Every structure is written in C-alpha cells, then in structure tokens.
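# Return a 3D structure for these sequence lines:
(one chain, ligands or ions: 2)
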Amino acid sequence: MVKAAVLYEAKQPLAIEDLELDDPKSGEVLVKIGAAGICRSDRHFMHGDAVINLPAVLGHEGAGTVESVGPGVTSVRPGDQVILSFVPACGRCKSCIQGHANICDNHMATGPMMYDGTCRLHKGDQRIYHMGKVACFAEYSVVPEAGCVPVSSPIPMDIAAMIGCCVPTGVGAVVYSAKVEPGSTVAVVGCGGVGLNVIMGAKLVNASKIIAVDIRESQLEFAMKFGATHTVNASDRDPVAQVKELTDGRGADYTFEVFGSTDTIKAAYEMCAKSGTVTVVGIAPVGAEAPINAVELVRFEKTLRGTYYGSARSQIDMPTMVDLYLSGKLNLDDLVVRHYTLDQINQAYDDMDQGEVGRGAIMFS
Ligand code: APR
Ligand code: ZN
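Ligands and ions are numbered 1, 2, ... in the order given. This is a model prediction of the structure:
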C-alpha cells in the first residue's frame, strides 16, 4: 500500500488515501518519491480547466530514489537518484525522431496510463490514473524507464524535483524554444514558479532588460532575486503600455506568457516588438481561444509560438540543468520557499492560489 493524494472529481479537495501499487513491469521502474513540486499544471485539473481521466494521482514535478526495476531496465539501478520526466519519450515515434521528445506521440496517445495502456495504481477493482506517467503525489510511483533521468552527483530532492518541470519548462522556453539572443529585451507575464525560471533563463543568455510582469507586488519583488531588471504591476495600469515605455516604445524583443489565460496571451502578444517572438508557456483553460491582432502579425512580422516542457529533451537537457545549478548559474536554492507534508497538499495549493511567492514542495521522508 502507498499513501497518495487522489483527485476523484474536479473542484473537490484531493483525498489522502492508501492505494495498491503493482510491481514494475517490463521497462518500468519503482521509485521512492523524495519530493514533489506544487505546480499550476496540477491545479488546472483540480479546477476543471484541464481534463484528465479520473480518479487520478496528480503530481508531475518529482524526484526520488530508484527502489527496484522491472525486467529489461538497464539505465538505472536501485539507489540511483532520479528526476522524473512527465513526458517519458518512446524514442521511436515521428516527434521523437524529429528531435521533439517533449511531445512524444506515443506518450500523448497513452496519457495517464503506462505505455501498455494499463495502470499500476488501483484501489480494489478501481483503476487509478497516473498524471504524466509520473503520479508523484504518492510515497512510491511506478514509471517508465524513459521517465527516469539519473542524477550523477546527488542534489537536494526538492531541487531535483524542480528540474522535473518548472526549470526545463521556464529555462527551456528561453533557451530551446525562443532561442533568445544576448542583448535582447525580454518581458515575462506571470512570475510564479515557472515564470521565475523564464527570468533565470533570460539572465543565463544575457538578455539586456528582463521585465517581470505580474499582478502582485510580492511576486515582482521576489522576481528581482532571479534576474529581473524591471518590474511592471499589471493591476496598476495597462502592462502593454508600461512595457513599451521601458523599451523605447517598441515593445520587448521576446515576450513570454506564463500564467495560462487568453488575456495574458493577448497582453504578451501586444507588448512584443516588431519582428519579435511571443512564446506561450501557460496552459489556458480547455477550449480557450486568444484574440490577437491579425494585421500586426503580418505587418510587424511577429512570431507567435507555444512551448511545451520548454522544448526540452529530458534525458539530455535535465542533466544540463543539474550542471547549471551545480555551477551556480541557476538560483534554484531561493526558488523553493515552502515545504509541506503530503497531508498538507490541499493547503499547499491554496497557498499557490493566494499568490504566495516562489515554489512549494511536498517532502517525503
Ligand atoms: N497578469 C500577470 N500575471 C498574472 C496575471 C495577470 N493577469 N494573473 C495571474 N498572474 C500571475 C500570478 O500572480 C502568479 O505569480 O501569474 C503567476 C502564475 O504563477 P503560479 O500560480 O506559480 O503558476 P506556475 O506553476 O508558475 O504555472 C504557470 O505555466 O506550466 C504552466 O500549467 C502551468 O499554466 C501554468 C503556467
Ligand atoms: Zn509543472
């Protein structure tokens, strides 16, 4: 039996329960979870803004220690520290072969189930789904081998968990998706856990101005720790006008939307300069359509693109993020400011909704 937080129905609190977890099958790994991050992507399912098969164990930003391996597993061994990837790439589909392991076709087709279409979690006869094949809001999880990224020199579990989602998503959006050039101006709309990593990515590639945009003053102050050079409070005055004032009337060369709403996508689009690039990171509610000025898209040669998991290829890019952390180039030590037990998980999500700064993490003993 493993203790886990289960979502039975949207808009209901997560239930803390004991579930049965089957042994890892061929190509699968049993991981003892060390830490799991509190990310808004789980919250979208809890609010009903995104859809997942239910009941499900959420949690997609995790790290832990390999407990045992199923037949045929060769890349990890019991005792290894691993970061979990919520897109365990199959390596054989068209997207993987094209170099887009972050949008693996076979993973997306099987979603919250193992690659064979079954679940390892259940409660009696009831199957319980695994978010992103990770399901790390639980003491233990069975994950595909491809979803385990070994860490060569051990790092704190909460930091490792961050490298499972918000770090590659945010830093990757800058480095791998938008490919921000040194000296450019950058605006980041939404400075929560993921947005702060976009800011760190922009600092890493030597952007000249890094403009943090948020509706909360506390988030803006906190963003200065991670490399923001200017702040814009979107609840005071039109953020588009404020970003233009800070960029000689042009707008920023690269803008990032990191909340997940049509309004913030529109704002990020409008505050982007001529020939600039708008990168949408946040996941808007299902069915949302963002209105953008179609003429400006053409006359101003704007590029509008989405990015999933920072266009990162977990198996090679997560170890890079670990190295960047170890060499002091990513300030992940200041990112995780709240630690909770699994029993406190609903409180952890309420704190996120209340706009507490930085990232929270569930710690397992
Ligand atoms: N303008 C600017 N910022 C806003 C606005 C707005 N209108 N509304 C909310 N925000 C800010 C919040 O104050 C908060 O600081 O957006 C930030 C969102 O941060 P978190 O709640 O910590 O969410 P995070 O985990 O960073 O995820 C952001 O990225 O991966 C996706 O699914 C994820 O859509 C989510 C997004
Ligand atoms: Zn996430």
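# where's whichever residue of the chain sits closest to ligand 1 relative to Asp333, distance?
At 1.8 Å from ligand 1, Gly192 is the closest residue in the chain, using CB to the nearest ligand atom. Where C-beta positions appear, they are placed from N, C-alpha and C, glycine not excepted. Gly192 sits 18 Å away from Asp333, going by CB to CB, to the nearest Å.
# same check, this time on Asp23
Counting by CB to CB, the separation of Asp23 from Asp333 is 36 Å.
# can you check Ser311 too?
Ser311 sits 25 Å away from Asp333, going by CB to CB.
# neighbour-wise, which of the two wins?
Ser311 (24 against 11; other CB atoms under 10 Å).
# Would you check that that one makes contact with Ala173?
Yes: contact criterion CB atoms under 8 Å: Ser311 and Ala173 qualify, at 7.4 Å.
# measure Leu21 to Glu145 for me?
As for Leu21, its distance to Glu145 is 17 Å (criterion: CB to CB).
# Settle it for me: which of those two has more neighbours?
Using other CB under 10 Å as the criterion, Leu21 and Glu145 rank with Leu21 on top: 23 against 19.
# thought that one was touching Ala135?
No: look at Leu21 against Ala135 with CB under 8 Å: they stay out of range, at 9.3 Å.
# Quickly list what's touching both of those two.
Counting by CB atoms under 8 Å, 6 or more residues apart in numbering, the contacts common to Leu21 and Ala135 are 121, 141.
# okay, the residue of the chain closest to ligand 1: pLDDT?
Predicted confidence (pLDDT) at Gly192: the value is 96.
# How many residues are close by Gln12?
Neighbours of Gln12 (other CB under 10 Å): 11.
# Would you mind giving the secondary structure of it?
At Gln12 the chain is in coil, as set by DSSP: H, G, I helix; E, B strand; the rest coil.
# Could you shift the numbering so residue one becomes 772, and keep it that way?
Noted, 772 is the first residue going forward, which turns the last one into Gln783.
# who in the stretch 922-1071 of the chain is up against ligand 2?
With CB under 5 Å from the ion as the criterion, the stretch 922-1071 of the chain meets ligand 2 at residues Cys936.
# in the stretch 922-1071 of the chain, which spans are helices?
Ranges of helices in the stretch 922-1071 of the chain, per DSSP state H, counting those that start in this stretch, are 928-933, 937-943, 964-975, 988-994, 1010-1016, 1033-1041, 1065-1070.
# and the end-to-end length of stretch 1071-1089?
This stretch, stretch 1071-1089, spans 35 Å end to end (CA to CA, to the nearest Å).
# check whether that stretch contacts ligand 1.
No: Stretch 1071-1089 lies apart from ligand 1 when judged by CB under 6 Å from any ligand atom; the minimum separation is 8.7 Å.
# tell me which residues in that stretch are buried?
In terms of neighbour count (16 or more other CB atoms under 10 Å), stretch 1071-1089 has its buried residues at 1073, 1075, 1078-1086, 1088-1089.
# Throw the residues you listed into JSON lines and include pLDDT and secondary structure, thanks.
What follows is the buried residues of stretch 1071-1089, written out as JSON lines (pLDDT from 0 to 100; DSSP: H, G, I helix; E, B strand; the rest coil):
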{"residue": "Lys1073", "pLDDT": "98", "secondary structure": "coil"}
{"residue": "Leu1075", "pLDDT": "97", "secondary structure": "strand"}
{"residue": "Thr1078", "pLDDT": "98", "secondary structure": "coil"}
{"residue": "Tyr1079", "pLDDT": "98", "secondary structure": "coil"}
{"residue": "Tyr1080", "pLDDT": "98", "secondary structure": "helix"}
{"residue": "Gly1081", "pLDDT": "98", "secondary structure": "helix"}
{"residue": "Ser1082", "pLDDT": "98", "secondary structure": "helix"}
{"residue": "Ala1083", "pLDDT": "97", "secondary structure": "coil"}
{"residue": "Arg1084", "pLDDT": "96", "secondary structure": "coil"}
{"residue": "Ser1085", "pLDDT": "97", "secondary structure": "helix"}
{"residue": "Gln1086", "pLDDT": "97", "secondary structure": "helix"}
{"residue": "Asp1088", "pLDDT": "97", "secondary structure": "helix"}
{"residue": "Met1089", "pLDDT": "98", "secondary structure": "helix"}
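# what's the neighbour count on Glu838?
16.
# give me the residue from the stretch 922-1071 of the chain nearest ligand 2.
Closest approach between the stretch 922-1071 of the chain and ligand 2, counting by CB to the ion: Cys936, at 3.4 Å.
# OK, contacts around that residue?
Contact partners of Cys936, counting by CB under 8 Å, 6+ apart, are 808, 810, 812, 831-832, 857, 965, 1080.
# For those, which single residue is the most surrounded?
Within the contacts of Cys936, Glu832 tops the neighbour count with 31 neighbours, counted by other CB under 10 Å.
# Check the gap between that one and Ala944 for me.
16 Å.
# same deal with Ile1054?
Ile1054 is 13 Å from Ala944, where distance means CB to CB.
# Also Met933?
Per CB to CB, Met933 is found 15 Å from Ala944.
# Check Leu1068 too.
In terms of CB to CB, Leu1068 sits 20 Å off from Ala944.
# Over to Cys1043?
Using CB to CB, Cys1043 is found at 14 Å from Ala944.
# ok, now Ala1044?
Distance from Ala1044 to Ala944, by CB to CB: 18 Å.
# More neighbours: the two, which one.
Ala944 (33 against 22).
# ok, now which ones touch the more buried one?
For Ala944, the contact set (CB under 8 Å, 6+ apart) comprises 969, 972, 1027, 1029, 1050, 1052, 1078, 1081-1082.
# what do you get if the cut-off is 6 Å, keeping everything else the same?
Counting by CB atoms under 6 Å, 6 or more residues apart in numbering, Ala944 touches 969, 1050, 1052, 1078, 1081.
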